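# Below: sequence and its predicted model.
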Amino acid sequence: MRIGLFGGAFDPPHRAHRALAEAAIGQLSLDRLHILPTGQAWHKSRTLTDGVHRLAMCQLAFVDLPAVRVDDRELRRPSATYTIDTLEEFRREYPDARFFLIVGEDQLQAFRSWRRWQEVLSMATLVVAGRPGSQGDSPLSDGPSSNDEVPFLRLLMPLSPLSSTGIRAGLADPERRRTGLAALVPEAVAGYISNHSLYQQPS
């Protein structure tokens, strides 16, 4: 069984997240892709939007992709969230599976600061999607690459300028909030954001 793990704050989940999930399922021939909204992220300095909202938005953003499972295990943890703990849980649940850990280019640059990062690499294949302005601006390839001691595969997909940080900043502007939301996030997520009055203050 081939299982992908795609974690992040998803604050909010946007169209580039959705495109990345679709690319990962297809290019990695995944049987299942777990979307994992983070709980208490050790590397985040800001306070995240309540996990109830981020989980609900992920369910709306990815609901129609048949291989996807929106997974709340990291949100349920009472302490800081670490990828190694999540991988160990999955290894116990699926001892014969092959795991693919899907991250963005920004996370690759900081990967060696992760807790027990060498063990993470021994348990899962690292898969990277690039971002504009990152070292991933060069053409993506499907062969193994490396960043110093960190081997990884690249997803073949167009680079996107979308980021949750930029979306939150834009949504704090009433005019941009009225006109631009549907172009940034899936339609159902846009409705959820509006209905729950999320992101009205800069963060």
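Received, thanks. Residues are numbered from 1 along each chain as shown.
# Quick one: end-to-end distance for stretch 26-39.
End-to-end distance for stretch 26-39, by CA to CA, to the nearest Å: 28 Å.
# what pLDDT, on average, does it get?
Taken as a whole, stretch 26-39 carries a mean pLDDT of 96.
# and what of stretch 93-110?
pLDDT averaged over stretch 93-110 gives 93.
# Mind listing what's buried along that stretch?
99, 100, 101, 102, 103, 104, 105, 107, 108 (16 or more other CB atoms under 10 Å). The way it works is simple: take the backbone N, C-alpha and C, and place the C-beta from them, glycine included.
# wait, is the first one part of a helix?
No - when the secondary structure is assigned by DSSP: H, G, I helix; E, B strand; the rest coil, residue 99 falls in strand instead of a helix.
# Can you name the residues that contact it?
By CB atoms under 8 Å, 6 or more residues apart in numbering, the contact list for residue 99 reads 3, 4, 5, 87, 90, 91, 123, 124, 125.
# Next one: it from residue 31, what distance?
11 Å (CB to CB, to the nearest Å).
# Touching both of these two, which residues are there?
Shared contacts of residue 99 and residue 31, counting by CB under 8 Å, 6+ apart, come down to residue 3.
# ok, the buried residues of stretch 93-110 vs residue 183, which is closest?
The closest of the buried residues of stretch 93-110 to residue 183 turns out to be residue 104 (CB to CB; 20.4 Å).
# Specify the beta-bridge partners of the closest one.
residue 129 (DSSP bridges).
# now the chain, which segments are flagged as low pLDDT?
41-45, 131-148, 174-179, 202-203 (pLDDT under 70).
# Please enumerate the strands of it.
Using DSSP state E, the strands of the chain run over 2-8, 32-37, 40-41, 68-70, 80-81, 98-104, 125-129, 145-147, 150-154.
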